[in-house]
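Engineer: here is a sequence with its predicted model. Questions after.
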Amino acid sequence: MNTFDYVRPATIRDAVAAAAEPGAAYLAAGTNLLDLMKGGISAPTRLVDVTHLPGLDRIEDLPDGSVRIGALVRNADLAYHGDFARRFPAIAEALLSGASGQLRNAATVGGNLLQRTRCPYFYDPASACNKRNPGAGCDARGGDNRLHAILGWSESCIATHPSDFCVALVALDAVVEVEGRAGRREIPLETFHRLPGDTPDRETMLEPGEMIVAVRLPAAAARFAAHARYLKVRERTSYAFAVVSAAAALRREADVIVEARLALGGVAMKPWRAREAEQILAGAPANLSLFRRAAAAALAAAKPSGDNTYKIELAQGLVVRALTLAAAGTPERMPALPGSPFAASSGVRTHA
Amino acid sequence: MNFSISLTINGARRNVELDDPRTTLLDLLRERLDLTGTKKGCDRGQCGACTVIVDGRRINSCLALALSLDGADVRTIEGVAQAGRLHPVQEAFIAHDGLQCGFCTPGQIMSAIGLIQEGQAGDDPERVREGMSGNLCRCGAYQGITAAVLTAQRALAAASRKEVA
């Protein structure tokens, strides 16, 4: 690990000023950043420790019915916040399907949005990676790429964004509040992460020095509480990143879906909102053939970036199951294995 | 440049001078404070051998920068036995053979203490396994570990009922 200057600002304004220097990085829990620094993938010359800043660890109800989650709220505190989890069960399930108990106790909301891809070529300094070293090439193309992107990828980069939390947030129209030297502004989370294009090293819409201070959910996001799930296919049923994942949230009136939200994870370098599928679902009676049509629409633009054609069908199947389970209703208690697409007990069919 | 931080470790206040900002909590405990019960396995947050409890929460000490934890309360495996008596989680690991080589055990025990405090697993073995998934055991003592967590949880609940009564 390279050495660095360590600064611990007392205010957000001081933090933003300190982080505007080239080579500076914000430090929150460090669960991703320290790992990257130990591997020589990130080498910030200055760490701006934001963990001692006051007021960023709150979950607040705002007068307009929206909910504001401070950037330093820990994953576990959000997922186990009773009122929050009741109103946004798919977000709680997404959080609890990710990482481990130890990591969720430390990792923050802001850090989750800014976590880096888990592409093994990005993590290996001996491999060519346009994200780590612009212009170097991409060893994932033609490499071991069965877990890579099927949507929104480019010749420069086929990595995926690893977050579960962001997938559920994007489905529910979350907004990111950021503060920079020019003041505070808001960015819809759906447009916060950038697709790779020719500049895979530019991953978000943040300007140098800008800091995430909160994530906000609009009042309308709570209307899906009765029919919301986050499902995640992974290579182990716990403590593994998504191969593909899906957040599905529905509003039902009798058998008819009044409104639908759908987003996919593990498929692109950003959480992938499936708006065409949402339109197909809206106003239609909930049934398997509808869910299959929605799943086909969600993946209509998908194409393999390597040895990962299977992910398209896998994602379609997962969308169908997520919609089926969301339509059946949010479980009263968080499942023992959050996000698991499999039945809790063997022999029980969870799909039609 | 030297940095001065203050931590409470197993109940005792410690003032520490750090000459390197890169020092993780894990390295501080093992290399500077001679608390080698906390183990370094992967050093990348994947194995859980370095689990300690900071401000009441189990975390991976290998991914925590010591400087950032200035003022924190840290509990390690050295601090869980009280007055010569093993912690109920330690007793349960012995009773259920929740270990073989023992390298992961301090992390397993600290993680189990944290999990029981979190109170989310109840008496469901599946929830215990899920809650302990951040602690790897290369010997494969998982069955004993799960049984130990459940037994220790019952023992702690009984003890707290006794205290209230």
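Structural biologist: Thanks, I have the structure now.

Engineer: specify the local secondary structure of the residue of chain B found nearest chain A.
Structural biologist: Residue of chain B nearest chain A, by Cβ to the nearest Cβ: residue B:134 (2.5 Å). For every residue, glycine as well, the C-beta is placed using N, CA and C. Assigned state for residue B:134: coil (three-state reduction, DSSP: H, G, I helix; E, B strand; the rest coil).

Engineer: find the nearest non-adjacent residue to it, please.
Structural biologist: What sits nearest to residue B:134 in space, not counting adjacent residues and going by Cβ to Cβ, 6 or more residues apart in numbering or on different chains, is residue A:100, at 2.5 Å.

Engineer: what are the ranges of the strands in chain B?
Structural biologist: B:3-9, B:12-18, B:51-54, B:57-60, B:73-75 (DSSP state E).

Engineer: name every strand pairing with the last one and say which way it goes.
Structural biologist: Strands adjacent to strand B:73-75 in the sheet, as given by DSSP bridges, are strand B:3-9 (parallel), strand B:51-54 (antiparallel).

Engineer: for it, list every residue counted as buried.
Structural biologist: B:74-75 (16 or more other Cβ atoms under 10 Å in any protein chain shown).

Engineer: just stretch B:27-41 next, same as before
Structural biologist: For stretch B:27-41, the neighbour count (16+ other Cβ under 10 Å) marks B:27-30, B:33, B:35, B:37-41 as buried.

Engineer: reformat the strands of chain B as JSON lines; add mean pLDDT.
Structural biologist: Formatted as JSON lines, these follow (pLDDT from 0 to 100):
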{"stretch": "strand B:3-9", "mean pLDDT": "97"}
{"stretch": "strand B:12-18", "mean pLDDT": "97"}
{"stretch": "strand B:51-54", "mean pLDDT": "98"}
{"stretch": "strand B:57-60", "mean pLDDT": "98"}
{"stretch": "strand B:73-75", "mean pLDDT": "98"}
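
Engineer: please identify the deepest-packed of the ones you listed.
Structural biologist: Ranked by mean neighbour count, these are led by strand B:57-60 with a mean of 29 (mean count of other Cβ atoms under 10 Å in any protein chain shown).

Engineer: close to chain A, is that strand?
Structural biologist: Yes - applying Cβ under 8 Å from any Cβ of the partner chain, one finds strand B:57-60 touching chain A at B:57-60.

Engineer: can you list the residues that contact that strand?
Structural biologist: A:31, A:74, A:76, A:101-103, A:105-106, B:45, B:48, B:50-53, B:110-111, B:113-115, B:134 (Cβ atoms under 8 Å, 6 or more residues apart in numbering or on different chains).

Engineer: residue contacts, the residue most central in space within chain B?
Structural biologist: For chain B, residue B:110 is the residue whose C-alpha lies nearest the centre (Cα atoms, centre = their mean; 2.2 Å). Contact partners of residue B:110, counting by Cβ under 8 Å, 6+ apart, are B:38, B:51-53, B:58, B:75-77, B:80.

Engineer: ok, now with 10 Å
Structural biologist: Residue B:110 makes contacts with A:102, B:37-38, B:48-53, B:58-59, B:61, B:75-77, B:79-80, B:87, B:89, B:135, as judged by Cβ atoms under 10 Å, 6 or more residues apart in numbering or on different chains.

Engineer: do residue A:256 as well
Structural biologist: Contacts for residue A:256 (Cβ under 10 Å, 6+ apart) come out as A:282-286.

Engineer: at 8 Å instead, please
Structural biologist: Residue A:256 sits next to A:283-286 when contact means Cβ under 8 Å, 6+ apart.

Engineer: what of residue B:24?
Structural biologist: Each residue near residue B:24 by Cβ under 8 Å, 6+ apart is listed here: A:34, B:61-66.

Engineer: looking at the residues you listed, which is nearest residue A:314?
Structural biologist: Nearest to residue A:314, judged by Cβ to Cβ, of these is residue B:63 at 30.9 Å.

Engineer: and the closest one, how far is that from residue B:47?
Structural biologist: Residue B:63 sits 11 Å away from residue B:47, going by Cβ to Cβ, to the nearest Å.

Engineer: more crowded one of those two?
Structural biologist: Between residue B:63 and residue B:47, residue B:63 has the larger neighbour count (other Cβ atoms under 10 Å in any protein chain shown), namely 26 against 23.

Engineer: leaving out the residues flanking it, which one is nearest to the more buried one?
Structural biologist: Distances taken as Cβ to Cβ, 6+ apart place residue B:45 nearest to residue B:63, at 4.4 Å, with adjacent residues excluded.

Engineer: got a list of contacts for the helix or strand harbouring residue A:212?
Structural biologist: Per DSSP states H and E, residue A:212 falls inside strand A:211-217. The contact list for strand A:211-217, computed with Cβ under 8 Å, 6+ apart, reads A:12, A:15-16, A:19, A:26, A:50, A:56, A:62, A:66-71, A:88, A:91, A:109-110, A:113-114, A:169, A:172-180, A:184, A:186, A:189, A:206.

Engineer: ok, now with 7 Å
Structural biologist: Contact with strand A:211-217 is made by A:12, A:15-16, A:19, A:26, A:50, A:56, A:66-71, A:88, A:109-110, A:113, A:169, A:172, A:174-179, as judged by Cβ atoms under 7 Å, 6 or more residues apart in numbering or on different chains.

Engineer: domain parsing for the chain?
Structural biologist: Just so you know, I chose chain A. A:5-49, A:224-328 (automatic domain parsing).

Engineer: should've been chain B
Structural biologist: Using automatic domain parsing, the domain ranges for chain B come out as B:3-79, B:88-164.

Engineer: what about the residue nearest to residue A:326 when sequence neighbours are not counted, neighbour count?
Structural biologist: Among residues not flanking residue A:326 along the chain, residue A:248 sits closest, at 4.1 Å (Cβ to Cβ, 6+ apart). Other residues near residue A:248 come to 34 when the count uses other Cβ under 10 Å.

Engineer: how about residue A:192?
Structural biologist: Residue A:192 has 24 neighbouring residues, counting by other Cβ under 10 Å.

Engineer: I'd say it and residue A:204 touch.
Structural biologist: Yes - if you go by Cβ atoms under 7 Å, residue A:192 and residue A:204 touch, sitting 5.7 Å apart.

Engineer: just checking, residue A:218 touches residue A:66?
Structural biologist: Yes - counting by Cβ under 7 Å, residue A:218 does reach residue A:66; the two are 5.1 Å apart.

Engineer: for chain B, what are the nearby residues on chain A?
Structural biologist: A:1, A:3-4, A:6, A:27, A:30-31, A:34-35, A:38, A:49, A:51, A:80, A:100-103, A:105-106, A:238-239, A:336-337 (Cβ under 7 Å from any Cβ of the partner chain).

Engineer: narrow these to those in helices?
Structural biologist: With DSSP state H as the criterion, helices contain A:34-35, A:38, A:101-103, A:105-106 from among the residues of chain A next to chain B.

Engineer: tell me where the stretch 101-250 of chain A has strands.
Structural biologist: A:175-180, A:183-188, A:211-217, A:228-233, A:244-253 (DSSP state E, counting those that start in this stretch).

Engineer: the first one - contacts with which helices or strands?
Structural biologist: Translated: strand A:175-180. Under the contact criterion of 3 or more Cβ pairs under 7 Å, 6 or more residues apart in numbering or on different chains; DSSP states H and E, strand A:175-180 touches helix A:12-19, strand A:183-188, helix A:189-192, strand A:211-217.
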